[in-house]
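Novice: here's a sequence, model it:
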Amino acid sequence: MPINAGYEYFNAEKRYLDAQTLEERISGLKEMIKTAPKHKGTENLLAELKTRLKKFLEKAEKTASVGKGKKGIRKEGFQVILVGFSNSGKSQLLASLTNAMPKISSQSYTTLEPNIGTMHYQGVSAQIVDLPAINSKNFDISLLHTADAILIVVSKLEDYFLINKQLEKATSKRILVFTHIDLLETSELRKLEAQLRSKRLNYMLVSGKTNSGISELKTKIFENMNVIRIYTKEPGKPVSSVPIVISVGSTVKKVAESIYKGFSKQITETRLTGPSGKFINQRVGIAHVLKDKDILEFKTR
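Specialist: Prediction:
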């Protein structure tokens, strides 16, 4: 542990230790190197971090050159599965939500194996998996049993009911995503929304081509993740740009311990600004329950 390290370093270290993907480990290491104190006492630590980063970057380059063949999928953090018929717009939606670059074509059954991307939303990451068409021989229903959420992607409302019936045993949260809304007239769109509301469906209307509704869909996915983002700041310094991602209902103590074990015992005072407080810079105890986007400032012995 570096001498006199600030919260930003410990936040970066936590991101690195919690990382589920190589991309997230690389990002965490870069932030650790950037925020670590620079003095003689940390020379060995910085050298070790840079060596580790170099190895990860080499591994990432090697992985990229191997190709995209995927026989098995390892769940990494919060996982969302895209399910739909051929030409429903799943691949375009994956490209719009994540950093993935799947093959997008008007031809049927273009997706022959799962494609994976990572969605980043205001400091939170989610693994998005686009499965082959539900009516194809390559569709793997077993993946739905471990997913946290399922996006049922359709371009026709009747398809939703056909797909939903096949997913009866899946217990994950479901969101109906109606694609290709750029092809609908205003009157058709109004009629569709009226139908969806009348059936009380959990839905989103999007267009991967124009990105209409994509930002709102990311927000809905985040809301289903059951997590909150907590920002920290050191006295006299700006608020950290990287949040601590923690489960809904967490306390100040849980956030402090997530920075590093035993940190909560060193705290003499906690100041809070945000949704869970009554006023700016409110003094709170370690049992205080936090809300999304709260900002904490710790004073220690």
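Novice: use CA for all of it now, contacts and neighbours both
Specialist: OK.
Novice: mind checking how far Ser27 is from Ile33?
Specialist: Ser27 sits 10 Å away from Ile33, going by C-alpha to C-alpha, to the nearest Å.
Novice: these two: which has the busier surroundings?
Specialist: The residue with more neighbours, out of Ser27 and Ile33, is Ile33; 20 against 16, by other C-alpha atoms under 10 Å.
Novice: so what touches whichever helix or strand the more buried one is part of?
Specialist: In this structure, Ile33 sits in helix 22-35 according to DSSP states H and E. Contacts to helix 22-35, defined as C-alpha atoms under 8 Å, 6 or more residues apart in numbering, come from residues 6, 8-10, 12-13, 15-17, 19, 46, 49-50, 53, 56-57, 60.
Novice: kindly write the ChimeraX command that selects the buried subset of those.
Specialist: Per 16 or more other C-alpha atoms under 10 Å, the buried members of the contacts of helix 22-35 correspond to this ChimeraX selection:
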select :8,9,10,12,13,15,16,19,46,50,53,56,57
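Novice: after the worst-scoring helix or strand of the chain on mean pLDDT, next one along is what?
Specialist: Ranked by mean pLDDT, DSSP states H and E, the weakest helix or strand in the chain is helix 43-66, scoring a mean of 76. Sequence-wise, the next helix or strand downstream of helix 43-66 (DSSP H and E) is strand 79-84.
Novice: okay, now the closest residue to Ala19 other than its chain neighbours: neighbour count?
Specialist: Spatial nearest neighbour of Ala19, excluding adjacent residues (C-alpha to C-alpha, 6 or more residues apart in numbering): Arg25 at 5.4 Å. A count of nearby residues for Arg25, using other C-alpha under 10 Å, gives 21.
Novice: do Lys169 as well
Specialist: When neighbours are defined as other C-alpha under 10 Å, Lys169 has 11 of them.
Novice: tell me where this structure has helices.
Specialist: Here the chain has its helices, by DSSP state H, at 7-18, 22-35, 43-66, 90-97, 157-166, 186-198, 214-223, 252-259.
Novice: so of the ones you listed, which one's packed in deepest?
Specialist: Ranked by mean neighbour count, these are led by helix 90-97 with a mean of 23 (mean count of other C-alpha atoms under 10 Å).
Novice: pLDDT on it, on average?
Specialist: What helix 90-97 shows for mean pLDDT is 90.
Novice: can you give the distance of it from its chain's centre?
Specialist: From the chain centre to the centre of helix 90-97 is a distance of 15 Å (C-alpha atoms, centre = their mean, to the nearest Å).
Novice: repeat that for stretch 259-279.
Specialist: Centroid separation for stretch 259-279 versus its chain: 25 Å, with C-alpha atoms, centre = their mean.
Novice: from here on, count from 7
Specialist: Yep, numbering from 7; the last one is stretch 265-285 now.
Novice: residues making contact with it?
Specialist: The contact list for stretch 265-285 (C-alpha under 8 Å, 6+ apart) reads 13, 16-17, 20, 259, 262-263, 286-292, 295-307.
Novice: name all residues that make contact with the spatially most central residue of the chain.
Specialist: Closest to where the C-alpha atoms of the chain average out (C-alpha atoms, centre = their mean) is Ser131, at 2.1 Å. Applying C-alpha under 8 Å, 6+ apart, we find Ser131 in contact with 83-84, 124-125.
Novice: tell me what it is bridged to.
Specialist: For Ser131, the beta-bridge partners are His126 (DSSP bridges).
Novice: rewinding a little: looking at the helices of the chain, spot the one closest to Ser246.
Specialist: With distances scored as C-alpha to C-alpha, the stretch of the helices of the chain nearest to Ser246 is helix 13-24 (6.2 Å).
Novice: from Ala53, how far off is the residue of the chain most remote from its centre?
Specialist: Using C-alpha atoms, centre = their mean, the residue of the chain lying farthest from its centre is Lys46. It sits 37.1 Å away. To Ala53, Lys46 is 11 Å away according to C-alpha to C-alpha.
Novice: and if you look at Leu202?
Specialist: From Leu202 to Ala53 the distance is 57 Å (C-alpha to C-alpha).
Novice: now do Phe228
Specialist: Per C-alpha to C-alpha, Phe228 is found 36 Å from Ala53.
Novice: count residues in the vicinity of Ala307, would you?
Specialist: That one is not Ala; residue 307 is Arg. Neighbour tally, Arg307, other C-alpha under 10 Å: 7.
Novice: right, I mislabeled it, should have said Gly268
Specialist: The tally of other residues near Gly268 (other C-alpha under 10 Å) stands at 12.
Novice: same question for stretch 18-28, mean pLDDT?
Specialist: Per-residue scores along stretch 18-28 average to 79.
Novice: kindly report the same for stretch 284-294.
Specialist: If you average the pLDDT over stretch 284-294, you get 95.
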